[in-house]
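**Q** missing the sequence, but the structure's below:
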């Protein structure tokens, strides 16, 4: 009896602590607008002092995961590395973090299934499978959000490049300047532009660097931009004019896509109207009439 009471008390305390943490975190963490203001108003330090901090618990855990990978010869998967780069995770620690989550998450799922009284084995299998797939789903969602941010911000980036080219800068210098200016408003595009600049400094050809960006992002709009730059470089047409026309075509295409999505809402509204709104209207309008008819028939045949 005492053991059951202690187990119940521990579960209640853990649930209360988890709920308190979930409620407190959004209140403590700054909002997206506050973080952006802090980035803009941050005062640069003239001399950076490097202070060696002790390794945190996360770093130690990642070192353990790295040693486990090395011991069991789990080599870096090139496809996984490309997926992490597409999601904006370029650090080597991100691979260790991914493997660590895929190792620990199923164990946590099995541990959570032990608290279920009935069909524990079934819930162990289900929760372990779901927990194993969660890191992959999160990585896919991060990649989708980053690609969407690049797609939406590409017209602004190209307009800024047009301004830089018309001001007298070359294409590479305009790319570098646009990447620096877009660090706050469009960080994903800024990161890709700076990566292209670093690759060109390392000796990679311009078109090859742009093709690498198209492969990383896997967006039709970036592939079309690379094709346009290749044709511009081959035929010698003005870069500023070509970029301006391409930016206008992208904005037109994006407006057409918005109009298409707005036109589809009429068809999509039929299902909630038929399933939820129309039954409620019928109940409100015809319900009193049916009640009155029922009372009249009851008094008539009584």
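**A** Looks like it arrived, so ask away. Since the model is a prediction, treat every value here as computed from it, not as a measurement. Numbers count the residues shown, from 1 in each chain.
**Q** the longest helix in the protein is where?
**A** Ordering each helix of the chain by length in residues (DSSP state H) puts helix 120-166 first.
**Q** and that one, what does it pack against?
**A** helix 78-86, helix 92-113, helix 171-181, helix 187-201, helix 220-235, helix 239-268 (3 or more Cβ pairs under 8 Å, 6 or more residues apart in numbering; DSSP states H and E). Every residue, glycine included, has its C-beta placed from N, CA and C.
**Q** so what touches the shortest one?
**A** To tie it back to what came earlier, the one meant is helix 78-86. Outside of helix 78-86, the residues within contact range by Cβ atoms under 8 Å, 6 or more residues apart in numbering are 90, 94, 95, 98, 139, 143, 146, 147, 216, 217, 218.
**Q** apply 6 Å and report the result again.
**A** Contacts with helix 78-86, where a contact means Cβ atoms under 6 Å, 6 or more residues apart in numbering, come from 94, 143, 216.
**Q** in JSON lines: these, plus neighbour count, distance to residue 243 and pLDDT.
**A** JSON lines is the format used below for the contacts of helix 78-86 (neighbours: other Cβ atoms under 10 Å; distance: Cβ to Cβ, whole Å; pLDDT from 0 to 100):
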{"residue": "94", "neighbour count": "18", "distance to residue 243": "33", "pLDDT": "79"}
{"residue": "143", "neighbour count": "19", "distance to residue 243": "27", "pLDDT": "89"}
{"residue": "216", "neighbour count": "19", "distance to residue 243": "21", "pLDDT": "85"}
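**Q** and these as JSON lines, adding distance to residue 233?
**A** Formatted as JSON lines, the contacts of helix 78-86 follow (distance: Cβ to Cβ, whole Å):
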{"residue": "94", "distance to residue 233": "35"}
{"residue": "143", "distance to residue 233": "30"}
{"residue": "216", "distance to residue 233": "21"}
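**Q** only the buried residues of stretch 201-221, if you could.
**A** 206, 209, 210, 211, 212, 213, 214, 216, 217, 219, 221 (16 or more other Cβ atoms under 10 Å).
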